[in-house]
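Trainee: got a predicted structure here, sequence first:
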Amino acid sequence: MKFRFETVLKVHKEKENQIKKELGVINTHMQNQMDRLRFMEGIADEKKEELNHIMGQDINIDKMVLYNNFFTGVNLEKVRQEQVISEVTEKLNLKKQDLIQSMMKRRTMEIIKEREQKAFKKKQQKIEIALNDEIGSKQWWLNS
């Protein structure tokens, strides 16, 4: 027995797989952006420690300006990176919603397929029972 919506089911499965791949790409991108942010924060922390260590020694204004510019740049880049992460998070959430909808559509088609298969089996069983009854009645008629 062939399921009448088999092609629709295959399309839904294929779409679901495609969305899973896209979700994986977005997840990887998100992880890379998070790693980048942590790296920037780590460098900034190292430079703060370095500056604290230098503060105990003789330091000139040029070095202070250089560190100030560095920390200003890191803060600006951190804000940009957090914006990128926010946008990627939004894309990730939308793709997750797409995946959920796709999975629901696929599952609906699978349920319809299961129901059709059960109905087909039930119909086959009725036909088989009817044939067995017919054979039994003919044998009874021939033996009597």
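Mentor: Yep, that arrived.
Trainee: per-residue confidence at the residue lying closest to K47 once chain neighbours are set aside?
Mentor: Spatial nearest neighbour of K47, chain neighbours left out: F70 (6.2 Å); criterion: CB to CB, 6 or more residues apart in numbering. C-betas here are computed from N, CA, C, even on glycine. pLDDT, F70: 93.
Trainee: again, but for the one 5 residues further on
Mentor: Among the per-residue scores, N75 shows a pLDDT of 94.
Trainee: so what's the residue count around it?
Mentor: 12 (other CB atoms under 10 Å).
Trainee: swap in V74?
Mentor: 17.
Trainee: select the longest helix from the chain.
Mentor: Using DSSP state H to define each element, the chain has its longest helix at helix 61-143.
Trainee: shaky segments in the chain?
Mentor: Of all residues in the chain, those with pLDDT under 70 make up the ranges 1.
Trainee: dead centre of the chain: give me the residue that sits there.
Mentor: The chain has L23 as the residue nearest its centroid, 4.3 Å off, counting by CA atoms, centre = their mean.
Trainee: wait, the residue nearest to K47 sits on K48?
Mentor: No. The pair F70 and K48 fails to qualify as a contact (CB atoms under 8 Å) at a distance of 10.1 Å.
Trainee: look up how far G56 lies from S86.
Mentor: S86 sits at a distance of 39 Å from G56 (criterion: CB to CB, to the nearest Å).
Trainee: more neighbours, those two?
Mentor: A direct count of neighbours by other CB under 10 Å for S86 and G56 places S86 higher, at 10 against 7.
Trainee: next one: the more buried one from H29, what distance?
Mentor: In terms of CB to CB, S86 sits 13 Å off from H29.
Trainee: and for Y67?
Mentor: 32 Å.
Trainee: mind giving me the packing neighbours of the longest helix of the chain?
Mentor: Packing contacts for helix 61-143, counted by 3 or more CB pairs under 8 Å, 6 or more residues apart in numbering; DSSP states H and E, involve helix 6-55.
Trainee: the inter-axis angle of the helix it packs on versus helix 61-143?
Mentor: 160 degrees (axes from the mean of the first three to the mean of the last three CA atoms, to 10 degrees).
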